[in-house]
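*Asks:* I would like to see how this sequence folds:
(one chain, ligands or ions: 1)
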Amino acid sequence: MHYKNFLTVTYAPAGYLNDNSVEQIREHIEKVSKYIKLDKIYLETYRSEILIERKKMEEIKALFAGKGYTISGGITTTVTRTLMGSMCFTNPDNRKRLGEIAAYTAELFDEVILDDFYFTNCRCESCIKAKGNRSWIDFRLTLMNDISENVIIKNAKAANPRVNLIIKYPNWYDSFQANGYNLEDESKMFDAIYAGTETRDPHYTHQNLPRYLSFFLPRLFENIKPGKNGGGWYDLFECSLEDYLQQAYLTIFSKCREQMLFCFPLLVNDPPYPAAAGAFYDEADLFMDKIGEPIGVACYKPYHSFGERLLHEHIGMSGIPLDPYPYYPENAKTIFLTADAAWDSEIVGKIKKSLLNGSRVFITSGLYKKLVNKGSEGNSIEDILPIEITDRKVTTDRFTNSAFGQKNSGDLRSQGPVTIPHVAYNENDLWSLSCALTPYSSHPLLLCGTYGKGKLYVLTVPDVPSDFYKYPAQTLTMLRKEMDLPVTLECAGRVGLFLYDNNTFIVQSFLERTEQVSVCINKAGVKLIPLTKSYMRPFNPARCGENESVFEVNVLPGRYAAFRIEG
Ligand SMILES: [Zn+2]
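*Replies:* Next comes the predicted model:
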């Protein structure tokens, strides 16, 4: 193990192992070792009809073990000539073949990971017939449970009862259920799970994954199977060096045990990427042992749910640290709920209970709209707080804050026009803390009302969720302040905050420019101790109030700064 706080690992696909001699692979190990210190490799036995025969695999295992690597196995359940290479799992030949591959791989290795092509998008005649009258989601979730239990796990464990089986999930978690990834059941069946943190280029690619996903998904997995999220997995497809490194940063910030750099031949062929990641791991190991466990605003992603897709990530990109759970976080003081929460048929009762217990519950306009007219009398969202998410749209670049008892922020400008739904409410029953403005009209962005000892907030979500990034700094700061966290950023969007339970935090810029970030600590008279070398001296506050200390931190484009709060 080269580092105190994490393992660096990579993966060698079957195609690479097939195409290269043991001598060539030896040269590649030497080459990569100049750029990055790697602890472990997963050696793939099978992918897309290429199977590495036993004798060669034994030689490759011995080669890597001789170089100090820990060795595990991998399988990619793909065939050639299908959409995305995914298998038809109702085909008896495929089923038999997959069972043989699982057994063969488990004979060779005590740990085996499934790469993230372990899904089904097959709509062949056999699958249509097997589906019957069920929805595709129900059919595929059931089908893949059967394949996991009776084909993969049964055969692998029969061949090697000690084998540790890991299922790696892709980055498209809002669509898992549509393709048969059963996160609820498979996370119990397999020995460990593994998170895709490959957010790549978030701007020009069709997936458009906000970078915050590289932190959010492993945190969700950690709360799904505590202690058993094996790692975070990223690659360099469509990545600039900056994209690549930011994936590495957030995978570390989420405290993944293994840092998987997919894959070995890419590291061989593109040395600047492993060199940059290697330098980062040297740096990260110096401070990650001073960082506690991640904390933040509790949010809820029920199993198999989809609502406002990727909205959690856009909120995270707006400087709000999130702590995601697959179950309702009933004990949390601050809870953020998107339309995904509507998947839970008892959600209104749970919200009520949290409010009566004195929590702050934030719900999005999308969730409110899904819950309207759904509950019974006395147990509906309208009974907690009656508003109307109208079908009228507003497009503007003007905003204002209007917090009761606080300064009105006047006329704030966003970075370009934003389109939001107009939300109607009963004046003075609720308060609009932040609004969009059009000539002679205002439109709530953040509404607040009380219920029991708690507060319910409704956050208006723009038609294009990434428009959160355009909001004025004061608008985002208002939202962040209401979350009532120990640390609040006062800055524009696309700056992330990663909070930990031992008075430490990390500020990560996703901007292309240097940014002066005001960091507000909710305590007077504290100091900031930098944990990274690029900020040498302790910081004294630029501004100090009765219950706050505010520091100015200059963050380089795309870089981060880690701090401990002292005092
Ligand atoms: Zn099929």
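
*Asks:* state the mean pLDDT of the helix or strand containing Ser187.
*Replies:* Under the criterion of DSSP states H and E, Ser187 resides in helix 183-189. Taken as a whole, helix 183-189 has a mean pLDDT of 98.

*Asks:* export it as PDB, just CAs?
*Replies:* Taking C-alpha atoms only, helix 183-189 is exported to PDB below (Å, rounded to 0.1, in the frame of the first residue of the first chain):
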ATOM      1  CA  LEU A 183     -29.600  -1.400  -6.300                       C
ATOM      2  CA  GLU A 184     -31.900  -2.400  -3.400                       C
ATOM      3  CA  ASP A 185     -31.600  -6.200  -3.800                       C
ATOM      4  CA  GLU A 186     -28.100  -6.600  -5.400                       C
ATOM      5  CA  SER A 187     -26.500  -4.400  -2.700                       C
ATOM      6  CA  LYS A 188     -27.600  -7.100  -0.300                       C
ATOM      7  CA  MET A 189     -26.700 -10.100  -2.500                       C
END
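
*Asks:* what is the following helix or strand past it packed up against?
*Replies:* With elements assigned by DSSP H and E, the helix or strand that comes after helix 183-189 is strand 192-196. Secondary-structure packing of strand 192-196 (3 or more Cβ pairs under 8 Å, 6 or more residues apart in numbering; DSSP states H and E): strand 164-169, helix 183-189, helix 213-224, strand 229-234. The C-beta positions use only the backbone N, C-alpha and C, and glycine is treated the same way.

*Asks:* ok, the first one: who's next to it in the sheet?
*Replies:* So that's strand 164-169. strand 111-114 (parallel), strand 192-196 (parallel) (DSSP bridges).

*Asks:* how about the residues of the stretch 51-200 of the chain that lie near the ion?
*Replies:* For the stretch 51-200 of the chain, the contact set with the ion under Cβ under 5 Å from the ion comprises Cys88, Thr90, Cys122, Cys124, Ser126, Cys127.

*Asks:* tell me the SS of Gly525?
*Replies:* Applying DSSP: H, G, I helix; E, B strand; the rest coil to Gly525 yields a three-state assignment of coil.

*Asks:* list the helices and strands the least confident helix or strand in the chain by mean pLDDT packs on?
*Replies:* In the chain, no helix or strand scores lower on mean pLDDT, DSSP states H and E than strand 543-544, which sits at a mean of 88. The contact analysis (3+ Cβ pairs under 8 Å, 6+ apart) places strand 543-544 against strand 549-555.

*Asks:* averaged pLDDT, the strand it packs on. What do you get?
*Replies:* pLDDT averaged over strand 549-555 gives 94.

*Asks:* now it: buried residues?
*Replies:* Residues Ser549, Phe551, Val553, Val555 are the ones in strand 549-555 that count as buried (16 or more other Cβ atoms under 10 Å).

*Asks:* flag every buried residue along the helix or strand just after it.
*Replies:* Moving toward the C-terminus from strand 549-555, the next helix or strand (DSSP H and E) is strand 560-566. Residues of strand 560-566 classed as buried by neighbour count (16+ other Cβ under 10 Å): Tyr560, Ala561, Ala562, Phe563, Arg564, Ile565.

*Asks:* OK, contacts around the most far-flung residue of the chain relative to its centre?
*Replies:* Relative to the centre of the chain, the most outlying C-alpha is that of Tyr440, 40.3 Å out, by Cα atoms, centre = their mean. Tyr440 makes contact with no residue, according to Cβ atoms under 8 Å, 6 or more residues apart in numbering.

*Asks:* ok, Gly366 next?
*Replies:* By Cβ under 8 Å, 6+ apart, the contact set of Gly366 is Gly307, Glu308, Leu311, Thr338, Ala339, Val461.

*Asks:* show the overlap between these and what lies near the ion.
*Replies:* Among the contacts of Gly366, no residue is within reach of the ion (Cβ under 5 Å from the ion).

*Asks:* neighbour-wise, which one of the residues you listed leads?
*Replies:* Ranked by the number of neighbours (other Cβ atoms under 10 Å), these place Thr338 first, at 27 neighbours.

*Asks:* looking at the strands paired with strand 164-169, which is nearest to Ile147?
*Replies:* Across the strands paired with strand 164-169, the minimum distance to Ile147, taken as Cβ to Cβ, is reached by strand 111-114, at 10.6 Å.

*Asks:* ok, and what's touching the closest one?
*Replies:* Residues contacting strand 111-114 (Cβ under 8 Å, 6+ apart): 11, 42, 72-77, 102, 105-106, 152, 156, 163-168, 194, 230.

*Asks:* so how far is the host helix or strand of Leu446 off the chain centroid?
*Replies:* Counting by DSSP H and E, the element that carries Leu446 is strand 441-451. In terms of Cα atoms, centre = their mean, to the nearest Å, the centre of strand 441-451 is set 29 Å apart from its chain centre.

*Asks:* how about that strand: buried residues?
*Replies:* Across strand 441-451, burial judged by 16+ other Cβ under 10 Å covers Ser442, His443, Pro444, Leu445, Leu446, Leu447, Cys448, Gly449, Tyr451.

*Asks:* let me know the closest of those to Glu346.
*Replies:* Among the buried residues of strand 441-451, Tyr451 lies closest to Glu346 (Cβ to Cβ), at 17.2 Å.

*Asks:* distance check, the closest one against the ion.
*Replies:* Tyr451 sits 50 Å away from the ion, going by Cβ to the ion, to the nearest Å.

*Asks:* that residue contacts Pro386, correct?
*Replies:* No - Tyr451 lies out of contact with Pro386 (Cβ atoms under 8 Å); the separation is 11.6 Å.

*Asks:* what does the protein have sitting close to the ion?
*Replies:* Going by Cβ under 5 Å from the ion, the residues of the chain near the ion are Cys88, Thr90, Cys122, Cys124, Ser126, Cys127.

*Asks:* show me the shaky parts of the stretch 351-500 of the chain.
*Replies:* 403-408 (pLDDT under 70).

*Asks:* which parts of it are strands?
*Replies:* Under the criterion DSSP state E, counting those that start in this stretch, the stretch 351-500 of the chain carries strands at the ranges 360-364, 387-401, 412-425, 431-438, 441-451, 454-459, 487-490, 495-500.

*Asks:* also the stretch 1-150 of the chain?
*Replies:* Using DSSP E, counting those that start in this stretch, strands in the stretch 1-150 of the chain cover 7-12, 40-47, 50-51, 70-75, 111-114.

*Asks:* now mean neighbour count and mean pLDDT too, for those strands, in TSV please.
*Replies:* As requested, these are arranged in TSV below (neighbours: other Cβ atoms under 10 Å; pLDDT from 0 to 100):
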stretch	mean neighbour count	mean pLDDT
strand 7-12	23	98
strand 40-47	25	98
strand 50-51	18	98
strand 70-75	22	98
strand 111-114	24	98
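
*Asks:* same list (those strands) but as a markdown table, adding distance to Tyr303.
*Replies:* Output for these, formatted as a markdown table (distance: least, Cβ to Cβ, whole Å):
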| stretch | distance to Tyr303 |
| --- | --- |
| strand 7-12 | 27 |
| strand 40-47 | 27 |
| strand 50-51 | 34 |
| strand 70-75 | 25 |
| strand 111-114 | 19 |
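
*Asks:* stretch 485-493: which residues count as buried?
*Replies:* Those would be Leu485, Val487, Thr488, Leu489, Glu490, Cys491, Ala492, Gly493, for stretch 485-493 by 16+ other Cβ under 10 Å.
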